[in-house]
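In: just a sequence and a predicted model for now, questions to come.
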Amino acid sequence: EDVWVELEVHNNCFGRQETFNISVETSTKVKDLKAALFANFSNTMAPIDEMELWWSGAELLGTDKDTLEDYGMGILPIQRPLVVKHNTQAAEAVADREYD
């Protein structure tokens, strides 16, 4: 059975303070959610490899198998927003590789 949740997303990338809502299936892999966020909001989101997703005090790490349900979405009450951050250390590492 597919379980869908409505998430309030707070985009804090690049100093932004944007809020919007999305509906997402709890069986969605974290890496696929990152890809979808970037695909739909690429003008305001950090690149996938520099994007951090935080929910309920934990970073959604997005290994190959991690789903949103693995982090409690659809099981725990959805009370907190999904926070999207730009990992500036990852961005600096990418920049360093480009200049090596």
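Out: That came in fine, so what should we check first?

In: from here on, contacts and neighbour counts on C-alpha atoms
Out: OK.

In: quick one: contacts for residue 83?
Out: Neighbouring residues of residue 83 by Cα atoms under 8 Å, 6 or more residues apart in numbering: 9, 10, 11, 12, 53, 54, 55.

In: switch the cut-off to 7 Å
Out: Applying Cα atoms under 7 Å, 6 or more residues apart in numbering, we find residue 83 in contact with 9, 10, 11, 53, 54, 55.

In: make TSV out of those and add pLDDT.
Out: Formatted as TSV, the contacts of residue 83 follow (pLDDT from 0 to 100):
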residue	pLDDT
9	95
10	95
11	95
53	95
54	94
55	89
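
In: farthest pair within the residues you listed?
Out: The most widely separated members of the contacts of residue 83, counting by Cα to Cα, are 11 and 55 (12.3 Å).

In: more neighbours: these two, which one.
Out: Applying other Cα atoms under 10 Å to residue 11 and residue 55 shows that residue 11 carries more neighbours, namely 23 against 19.

In: pretty sure the more buried one contacts residue 37?
Out: No: the pair residue 11 / residue 37 is not scored as a contact, 10.1 Å apart, by Cα atoms under 7 Å.

In: now stretch 6-25 - C-alpha only, PDB.
Out: This file holds the C-alpha atoms of stretch 6-25, laid out as PDB (Å, rounded to 0.1, in the frame of the first residue of the first chain):
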ATOM      1  CA  GLU A   6       2.300  16.100   2.800                       C
ATOM      2  CA  LEU A   7       5.600  17.800   3.700                       C
ATOM      3  CA  GLU A   8       6.300  21.400   4.400                       C
ATOM      4  CA  VAL A   9       9.800  22.100   2.800                       C
ATOM      5  CA  HIS A  10      12.000  24.900   4.100                       C
ATOM      6  CA  ASN A  11      14.600  25.700   1.500                       C
ATOM      7  CA  ASN A  12      17.600  27.400   3.200                       C
ATOM      8  CA  CYS A  13      20.100  27.000   0.300                       C
ATOM      9  CA  PHE A  14      22.200  30.000  -0.600                       C
ATOM     10  CA  GLY A  15      20.700  32.100   2.300                       C
ATOM     11  CA  ARG A  16      17.100  31.700   1.100                       C
ATOM     12  CA  GLN A  17      14.100  31.400   3.400                       C
ATOM     13  CA  GLU A  18      11.600  29.800   1.100                       C
ATOM     14  CA  THR A  19       8.700  27.500   2.200                       C
ATOM     15  CA  PHE A  20       6.600  25.300   0.000                       C
ATOM     16  CA  ASN A  21       4.600  22.100   0.300                       C
ATOM     17  CA  ILE A  22       5.100  18.800  -1.600                       C
ATOM     18  CA  SER A  23       3.400  15.400  -1.500                       C
ATOM     19  CA  VAL A  24       5.700  12.500  -1.500                       C
ATOM     20  CA  GLU A  25       5.400   8.700  -1.200                       C
END
